[in-house]
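Q: From the sequence below, what's the structure:
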Amino acid sequence: MSRANPPGAARQRIWALAWPIILSNITVPLLGLVDTAVVGHLPDSRYLAAVTLGATLFSFLYWGFGFLRMGTTGLTAQAVGRESDSEVRHLLGQSLLLAAGIGAVLILLSTPLIALGLWLLDGSEVATDLAAEYAQIRILSAPAVLANYAILGWFLGQQNSRVTLAILVLTNGVNIVLDLLFVVGLGMTSDGVAWATVIADYTALAFGGWLIVRQLRLLEGRFLSHRLFRLSAYGELFRVNANLFVRTLGLLFAMAFFTSRGAVQGDTVLAANAVLLQFIMLTSYALDGFAHAAEALTGRAVGRGRWEEFAAMVRGAATFSLATAGAAALAFLLGGEWLIALLTGLPEVRATAASYLPWMVAMPLIAVWSYLLDGVFIGATAIREMRNSIFAGLAAYLPAWWLGQALLPEALTNHGLWFAFTLFTAVRSATLAAYYRHYRRHHWRPATLPATPRRFDKAGEARHR
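A: Below you'll find the predicted structure:
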């Protein structure tokens, strides 16, 4: 197996999958910059505030349903490894139906959800009213956004990350063009930005549907009603997605708690923390690419029962991830103040952010393991362990923050907050590493291989190759 999967070959496969994801991630902040620039040039700042509030609301709302991408990737990759065309086909159908159902519920419950979300964000009355109008338009794209998550996960599970790049470039490109058309050309305001996003999301869904039709022609079999419309057929998908949902809620809570505890220390600290969080986001764009590649490749190896191949893919992804984390830490160490200056021109915010740069140097080297192992565990569909790592992290995070507030002088309380957040990340990484070590020793090894891989024929019945 070592000769069949040399380290160079594993790294080549990781990179071939990762670079389109990394490139597509770069388009995400580009869209945010264009939204800000377009609305920021309107004569009243309330429109920019409204778009900021509304975009923040939907970032949290849709991120909570990211399991539709992650769960679909892991299960599809394993089905590909088992050479089960029928299973690959039906995972798509099930995930799309689940996305449509959740999207419809979000639209039906949009009024109370939007009211609650904007109340929690606590903007000004004028900005909140405009944000509510923006959100009532944006929520119409919920089925498309969630379906696109499922489509991206399905293609990634088949080791086709270029679809991710194509769909995201199309979505953001259409969005940018319509932003300019509606706001600059037609004189619309925050509502124009919302409609541009809705149209872009459904354009991406139409394009994704066309790609699906092409891909399905390459798969044997056909859709079977009992696999799509019987609740019992969704058992594995529900199990994986439920644990992913709980895990994501815990991660959202950790981020929201960090932001809120920074906010009570004043606007300058809040702004400084926001600038530094952008450093973390920048690092995540690259680390996510290698983690997503690990999802697809380790999942395929699990489906085939080839644990040496599984280990080779983990090592390959780890090599790229560690190199990226080391480069990020070095960049923050040597050029952190320059990067801060690029993001803000306010002297007090620059000085405050610079005082917390040591946390930015340490964070990539600690967080890299949680990114990498999240990808590995998604590929192996060991989602309960990912959920448990969040709980373990929170169990360290909250007491550490409380002790910091109680024991540290006021001037150091934000250092205490950063310490608690870093500890949360470290405990997550350590918990996942401990789980990985345990499973590699006792479960994820050749002795646990099934006798022969299984695949499905056109009638959907299991048979041995």
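Q: where's the residue most central in space within the chain relative to Phe377, distance?
A: With distances taken as Cα atoms, centre = their mean, Gly66 lies nearest the centre of the chain, 6.3 Å away. In this structure, Gly66 and Phe377 are 15 Å apart, going by Cβ to Cβ, to the nearest Å. Placement of C-beta: from N, CA and C, glycine included.
Q: likewise Glu87?
A: As for Glu87, its distance to Phe377 is 20 Å (criterion: Cβ to Cβ).
Q: What of Arg214?
A: Plainly put, Arg214 is 31 Å away from Phe377 if you go by Cβ to Cβ.
Q: Tell me which of these two has more neighbours.
A: Phe377 (26 against 9; other Cβ atoms under 10 Å).
Q: hey, where'd the helices end up in the stretch 1-150 of the chain?
A: In the stretch 1-150 of the chain, the helices defined using DSSP state H, counting those that start in this stretch lie at 7-40, 45-63, 67-81, 85-108, 110-121, 125-138, 142-157.
Q: no no, the stretch 201-350 of the chain
A: So, for the stretch 201-350 of the chain - with DSSP H, counting those that start in this stretch - the helices run 225-228, 235-263, 267-304, 307-343, 347-354.
Q: highest average neighbour count across these?
A: helix 267-304 (a mean of 23; mean count of other Cβ atoms under 10 Å).
Q: could you give the angle of that helix to helix 142-157?
A: 50 degrees (axes from the mean of the first three to the mean of the last three Cα atoms, to 10 degrees).
Q: Centre of the chain to helix 267-304, how far?
A: 7 Å (Cα atoms, centre = their mean, to the nearest Å).
Q: all numbers from here: first residue = 8
A: Let's use 8 as the start, then, which means that last one is helix 274-311.
Q: elements contacting that helix?
A: Judged by 3 or more Cβ pairs under 8 Å, 6 or more residues apart in numbering; DSSP states H and E, the packing partners of helix 274-311 are helix 14-47, helix 74-88, helix 149-164, helix 242-270, helix 314-350, helix 354-361, helix 364-386, helix 420-449.
Q: and of these, who's closest to Ala399?
A: helix 420-449 (4.5 Å; Cβ to Cβ).
Q: for the record, mean pLDDT for the closest one?
A: For helix 420-449, the mean pLDDT works out to 95.
Q: what's it packed up against?
A: Against helix 420-449 (3+ Cβ pairs under 8 Å, 6+ apart) you get helix 242-270, helix 274-311, helix 364-386, helix 390-414.
Q: Give the buried residues for it.
A: 420-421, 423-439, 442-443, 446 (16 or more other Cβ atoms under 10 Å).
Q: Stretch 95-107 too?
A: Here stretch 95-107 shows Val95, Arg96, His97, Leu98, Leu99, Gly100, Gln101, Ser102, Leu103, Leu105, Ala106, Ala107 as buried, counting by 16+ other Cβ under 10 Å.
Q: what does stretch 147-165 give?
A: In stretch 147-165, counting by 16+ other Cβ under 10 Å, buried: 147-165.
Q: Could I get the CA-only coordinates of it as CSV?
A: Extracted as CSV, the C-alpha positions of stretch 147-165 are listed here (Å, rounded to 0.1, in the frame of the first residue of the first chain):
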residue,chain,number,x,y,z
LEU,A,147,-36.7,34.0,0.0
SER,A,148,-33.4,32.4,-1.1
ALA,A,149,-33.3,30.0,1.8
PRO,A,150,-34.2,26.9,-0.2
ALA,A,151,-31.7,27.8,-2.9
VAL,A,152,-28.8,28.5,-0.4
LEU,A,153,-29.4,25.2,1.4
ALA,A,154,-29.8,23.2,-1.8
ASN,A,155,-26.5,24.7,-3.0
TYR,A,156,-24.9,23.5,0.2
ALA,A,157,-26.0,20.0,-0.6
ILE,A,158,-24.9,20.2,-4.2
LEU,A,159,-21.4,21.4,-3.2
GLY,A,160,-21.1,18.7,-0.6
TRP,A,161,-22.2,16.0,-3.1
PHE,A,162,-19.7,17.0,-5.8
LEU,A,163,-16.9,17.4,-3.2
GLY,A,164,-17.7,13.9,-2.0
GLN,A,165,-17.0,12.7,-5.5
